[in-house]
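Engineer: quick one, structure for this:
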Amino acid sequence: MRTAGTLAAIASDQGSAQTRAAAVLAELAGLIPIDAAEVVALDPFDNHPVVLASHGYSNEVLDHLHSDSFFALMESLGLPQSGAPVRMKDLPGDPLDNWAVSDVLLPAGYSEGLTMCLRTSDGRFVGMINLSTTDTDHPSDVARDVLAQLCTALGNMADPLRSRSWITSLVGTSATVVGLDGQGQAIAIPGLPGHALLGEGSELLSVAHRSARMRSWSSFVWPANNEFFRVRVLPCSAEETIASLVSLDSFDIGPLTHRELEVLTLAAEGLSNNEIGEALVVTPRTIATHIEHILDKLQASNRAAAAAYALREGLILGKVDRHDGR
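Structural biologist: The predicted structure is shown next:
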């Protein structure tokens, strides 16, 4: 029987996350008679599932396992927070009341299985492992407990923020990239282009450094010379010298004007029309007109919906020229 230590060693070995994930599934086959399995990572920008290793599942089953509904189901069961492996028989109430069991897995021929959300050593939900069998006796209690011990090791393996090559692939080939050390000083990335806005001591890098210290990743818009740029800030644990990566590429703010983007940014901060008017030195009536135009252009039903869209899509200015002293 394979031990948690053996599997953890594989997960933390050298090589790509895909190679290690495939090796983990191969080793797990010695512990569990697996008929289908997958290890999935989450894109840190949009939480879109990225398959690291998979076998046995049909595309139809995978579509369900990667759907927003399945992630909502895991959330309702508290799996991303607990990191605990859950089998069909472990589900609260009647497993047949769970749509993933009754409508997806059982019709596909799977009588038992297990799902575990993967969490990193710093507590981030970064992926999941799904296992399915045609044998109701598996996964056994022992196998479940072994997997429970592997949650962090597999989470660290699946974490894209531990791979600089994955991070640079995420930011896109058109982006320019610079690293930041723990004090916010710029570090050139060999083989990746730079940009004047990413130069040492720039205001943009100061904003990016503050952002990196506050959250796991962020995205905002930066205006410069009548252009707009998408800025993405990612923490990077791939090596000790680089604390975060900052990417920059051209960005189209769509139908919004620069002023409307300023208003939307401040509205997303929770400011009232009067407060936004004070910050931008215009009347509240003018702000109300801007809000109307923003709602129309974004086809948002109300101010809260527009703010939620802006935050979700990173349609937020990294700086607004305010005159209220904040």
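
Engineer: tell me where the model's unsure across this structure.
Structural biologist: 1-3, 44-46, 161-175, 189-193, 215-216, 237-241, 324-326 (pLDDT under 70).

Engineer: show me where it has helices.
Structural biologist: Using DSSP state H, the helices assigned to the chain run over residues 4-11, 17-28, 59-65, 68-76, 79-82, 99, 141-149, 151-158, 164-171, 203-214, 258-268, 273-280, 284-298, 303-313.

Engineer: return the most buried member of those helices.
Structural biologist: Of all those, helix 151-158 has the most neighbours on average by mean count of other Cβ atoms under 10 Å, namely a mean of 24. All C-beta atoms are positioned from the backbone trio N, CA, C, and that covers glycine.

Engineer: pipe the helices of the chain into JSON lines and attach distance to P49 per row.
Structural biologist: Below are the helices of the chain laid out as JSON lines (distance: least, Cβ to Cβ, whole Å):
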{"stretch": "helix 4-11", "distance to P49": "19"}
{"stretch": "helix 17-28", "distance to P49": "13"}
{"stretch": "helix 59-65", "distance to P49": "8"}
{"stretch": "helix 68-76", "distance to P49": "8"}
{"stretch": "helix 79-82", "distance to P49": "13"}
{"stretch": "helix 99", "distance to P49": "18"}
{"stretch": "helix 141-149", "distance to P49": "19"}
{"stretch": "helix 151-158", "distance to P49": "11"}
{"stretch": "helix 164-171", "distance to P49": "14"}
{"stretch": "helix 203-214", "distance to P49": "25"}
{"stretch": "helix 258-268", "distance to P49": "27"}
{"stretch": "helix 273-280", "distance to P49": "38"}
{"stretch": "helix 284-298", "distance to P49": "27"}
{"stretch": "helix 303-313", "distance to P49": "18"}
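
Engineer: so which of those is nearest N47?
Structural biologist: helix 68-76 (7.5 Å; Cβ to Cβ).

Engineer: which ones are touching the nearest residue to V178 once chain neighbours are set aside?
Structural biologist: Spatial nearest neighbour of V178, chain neighbours left out: L198 (4.2 Å); criterion: Cβ to Cβ, 6 or more residues apart in numbering. Going by Cβ atoms under 8 Å, 6 or more residues apart in numbering, L198 touches 176-178, 186, 204-205, 246, 248.
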